[in-house]
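Asker: I need the structure of the sequence given here:
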Amino acid sequence: MATKSQPLFITTLIILWYSSNIGVLLLNKFLLSNYGFRFPIFLTMCHMTACAVLSYVSIMFLKLVPFQGIKSRSQLLRISTLSVVFCASVVGGNVSLRFLPVSFNQAVGATTPFFTALFSYFMTFKREAWVTYAALVPVVAGVVIASGGEPSFHLYGFIMCISATAARAFKSVLQGILLSSEGEKLNSMNLLLYMSPIAVLVLLPATLIMEPDVLDVTLSLGVKHKFMWLLLLANSVMAYAANLTNFLVTKHTSALTLQVLGNAKGAVAVVISILLFRNPVTFIGIAGYSMTVMGVAAYGETKRRYK
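Answerer: Presented below is the predicted three-dimensional model:
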């Protein structure tokens, strides 16, 4: 039975999740597009390094949660898969921010529930009522309309963004299994502890191969801009907070609820990004994004009624 404090706890988690996610998104855009720091893979590696270090400190020294060991090869394989998929989603999202404005990036990201529904069906064999799937039509249609009305549309950026969105949906379903399965249940901080070092090991060779001049350019930017290192540090710590609260919200709600809440967060991020970065928007683009958000709201409502 839910306690009286549980709604307050979940509300607090959502507020923290919103704040850290929007902060990371805007700082990523600022670093990648406005600051001359064009290394999305290295930036993601910085995020995951911070997650690994802070998770270890939180568990081993601060004792915020009990340490949990890995119970099986199957569990390790799922954690490793989650790490790789997570890397793909974050790198793809960061790459798309080099070519797309935050507002359009969030419009494409709003289709995550569509991919979540597909992956949930194929991975857990859980079927929804037909009206629930019908509600996804305006979700996808809205992005198609928004794409046609986007003055800053970039095909490569769009492909990276939609790939990141699909990877994010797959990650949400998989992490929901890892956080809730009785046989393989891990608390959020332990999952992040295991996932982060694997992600760093995946990202390190990718960084060296695809961004070979990252250290020289980063050191040069650090000398040129005195707040460069502070921004990177703040961005990485904020990424840890975003990932941890993401896992916690998933655990205390569901993968779908996470995506519905994420679209409300996306709407807030769109408004803030337009005000900060002054990127051009059109009526068609706004109409398409609004259709997507309304479709997500309808999807969430049908999920509630027909579960």
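
Asker: drop to CA atoms for contacts and neighbour counts, all remaining ones
Answerer: Will do.

Asker: ok now stretch 212-231, how far from the chain's centre?
Answerer: Remark: stretch 212-231 is offset 25 Å from the chain centroid, using CA atoms, centre = their mean, to the nearest Å.

Asker: Going by residue numbers, what spans are strands in the stretch 101-250 of the chain?
Answerer: Read by DSSP state E, counting those that start in this stretch, the stretch 101-250 of the chain holds no strands at all.

Asker: what residue ranges in it are flagged as low confidence?
Answerer: Along the stretch 101-250 of the chain, segments meeting pLDDT under 70 span 149, 179-184.

Asker: for it, what spans make up the helices?
Answerer: Using DSSP state H, counting those that start in this stretch, the helices of the stretch 101-250 of the chain run over 102-109, 112-124, 130-134, 137-148, 155-180, 188-210, 214-224, 228-252.

Asker: Now distance to Leu64 and mean neighbour count too, for those helices, in JSON lines please.
Answerer: As requested, those are exported to JSON lines (distance: least, CA to CA, whole Å; neighbours: other CA atoms under 10 Å):
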{"stretch": "helix 102-109", "distance to Leu64": "33", "mean neighbour count": "25"}
{"stretch": "helix 112-124", "distance to Leu64": "31", "mean neighbour count": "19"}
{"stretch": "helix 130-134", "distance to Leu64": "39", "mean neighbour count": "15"}
{"stretch": "helix 137-148", "distance to Leu64": "39", "mean neighbour count": "22"}
{"stretch": "helix 155-180", "distance to Leu64": "17", "mean neighbour count": "22"}
{"stretch": "helix 188-210", "distance to Leu64": "9", "mean neighbour count": "19"}
{"stretch": "helix 214-224", "distance to Leu64": "34", "mean neighbour count": "14"}
{"stretch": "helix 228-252", "distance to Leu64": "13", "mean neighbour count": "20"}
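
Asker: Adding distance to Arg305, write these out as JSON lines.
Answerer: As requested, the helices of the stretch 101-250 of the chain are arranged in JSON lines below (distance: least, CA to CA, whole Å):
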{"stretch": "helix 102-109", "distance to Arg305": "25"}
{"stretch": "helix 112-124", "distance to Arg305": "16"}
{"stretch": "helix 130-134", "distance to Arg305": "9"}
{"stretch": "helix 137-148", "distance to Arg305": "18"}
{"stretch": "helix 155-180", "distance to Arg305": "21"}
{"stretch": "helix 188-210", "distance to Arg305": "29"}
{"stretch": "helix 214-224", "distance to Arg305": "51"}
{"stretch": "helix 228-252", "distance to Arg305": "19"}
